[in-house]
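S.K.: Compute the structure for the input listed below.
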Amino acid sequence: MTTQTMPGRTLRLTIERFPYHHPFRISGHVFAETAVLLAELSDGTHVGRGEGAGVYYTGDDASHMLAEAERVQGAIEGGATRADLQHLLPPGGARNALDCAYWDLEAKQAGVPVWQLAGLDAPRPLRSTLTLGADAPEAMAAAALALDPDAPIKLKLTGDLADDIARVEAVRAARPDAWIGVDANQGYGIETLPGLLPVLTASAIALLEQPLARGREADLDGLGRPLPFAADESALSLADTPSLVGRFDVVNIKLDKCGGLTEGLAIARQARDLGLDVMVGNMMGSSLSMAPAYLVGQLCDIVDLDGPTFLAKDREPGVHYREGRIHCPAEVWGA
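M.R.: Numbers count the residues shown, from 1 in each chain. Down below sits the predicted model:
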């Protein structure tokens, strides 16, 4: 924990850990908890909060986020603005936590909610996917049956073609009417991906997220896309968005990747201008991470904000899920 004080403004930085109910498996990784950076920015009267969960595949872990935030702490306490923050830090979990803390503080100072400051309509509950970690096909089918029957489903794949085919077919058989998307988390190569695509179309899969590794986007040139492809690891920040056109159909915005609500909203608007559909996702943070992403979700076609459902214990107050939708009460953040 780091706390420093300068006249008129203080920034408190804390690492907190949120264990999961059960380990969560994706392509190449198994997770048992999420470690987050909590930023609390005070003007002496009001306190704005923000949370960063980092980006595991770039090395942006808890210690890195804390070091990055500490590096600019003096500037922030000395009066740097949220606009200044976009140049003080690169995209990542630290900037996300700080940017969201600025938004929350500004809302409290102005006496209006963040959505109003951001020029958005009043937020509404959003249909949100619930994610199944990669597991044996029969286990994933059973887990799918236990989910809210109104919720869309996202399946994690591993890149093992035979196993992934069995997973997709088992879950579709268990949930014949559900919206289902799949996320390969960079698990495929251009030589194996064509073997997966006919199975996805036959199983009426609605979305394929990040089939190839970041940096291999050009391998998609000339490949037919029989279903929408979404860019996740290939789309970290605003600067990445134009290069997605012609290779992807959807951009998955995550505030930890792009460095906060400020850039997340900019990506959503730029993607629309480029003819891309827009998705919002999460890096498995608590409800404090979901709340600002929920505002981005108001602009999105696909919403994947189920991080708190994996946690053994979430923050209070928190978001909640019912009838296939995420509901974010105003008191969670930004009001």
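S.K.: Around W333, count how many other residues there are.
M.R.: Neighbourhood size, W333 [other Cβ atoms under 10 Å]: 29. C-betas here are computed from N, CA, C, even on glycine.
S.K.: Now the phi/psi pair for it, please.
M.R.: W333 adopts backbone torsions of phi -170, psi 150, taken as degrees, to the nearest 10.
S.K.: so how far is M290 from it?
M.R.: 9 Å (Cβ to Cβ, to the nearest Å).
S.K.: With A143 instead?
M.R.: A143 sits 21 Å away from M290, taking Cβ to Cβ as the criterion.
S.K.: Those two: who's more crowded?
M.R.: For A143 versus M290, neighbours defined as other Cβ under 10 Å are more numerous around M290 (27 against 17).
S.K.: Return the distance of the helix or strand containing that one from the chain's centre.
M.R.: Assigned by DSSP states H and E, M290 falls within helix 287-297. Centroid separation between helix 287-297 and its chain, computed with Cα atoms, centre = their mean, to the nearest Å, is 9 Å.
S.K.: Could you list the buried residues of it?
M.R.: Going by neighbour count (16 or more other Cβ atoms under 10 Å), the buried part of helix 287-297 is S287, L288, S289, M290, A291, P292, A293, Y294, L295, V296, G297.
S.K.: Next: stretch 202-210.
M.R.: Neighbour-count burial for stretch 202-210 [16+ other Cβ under 10 Å]: S203, I205, A206, L207, L208, E209, Q210.
S.K.: now swap in stretch 38-54 and tell me
M.R.: Of all the residues in stretch 38-54, those buried under the rule 16+ other Cβ under 10 Å are L38, A39, E40, L41, S42, G48, R49, G50, E51, G52, A53, G54.
S.K.: Could you write out the alpha-carbon coordinates of stretch 129-142 in PDB?
M.R.: Provided in PDB are the C-alpha atoms of stretch 129-142 (Å, rounded to 0.1, in the frame of the first residue of the first chain):
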ATOM      1  CA  THR A 129     -22.900 -13.400 -21.500                       C
ATOM      2  CA  LEU A 130     -21.900 -15.900 -18.800                       C
ATOM      3  CA  THR A 131     -18.600 -17.700 -19.500                       C
ATOM      4  CA  LEU A 132     -17.700 -21.300 -19.200                       C
ATOM      5  CA  GLY A 133     -14.000 -22.100 -18.600                       C
ATOM      6  CA  ALA A 134     -12.500 -24.800 -20.800                       C
ATOM      7  CA  ASP A 135     -13.200 -28.300 -19.300                       C
ATOM      8  CA  ALA A 136     -14.300 -31.700 -20.400                       C
ATOM      9  CA  PRO A 137     -17.200 -31.500 -22.900                       C
ATOM     10  CA  GLU A 138     -19.600 -33.200 -20.500                       C
ATOM     11  CA  ALA A 139     -18.700 -30.900 -17.700                       C
ATOM     12  CA  MET A 140     -19.200 -27.900 -19.800                       C
ATOM     13  CA  ALA A 141     -22.600 -29.200 -21.000                       C
ATOM     14  CA  ALA A 142     -23.700 -29.700 -17.400                       C
END
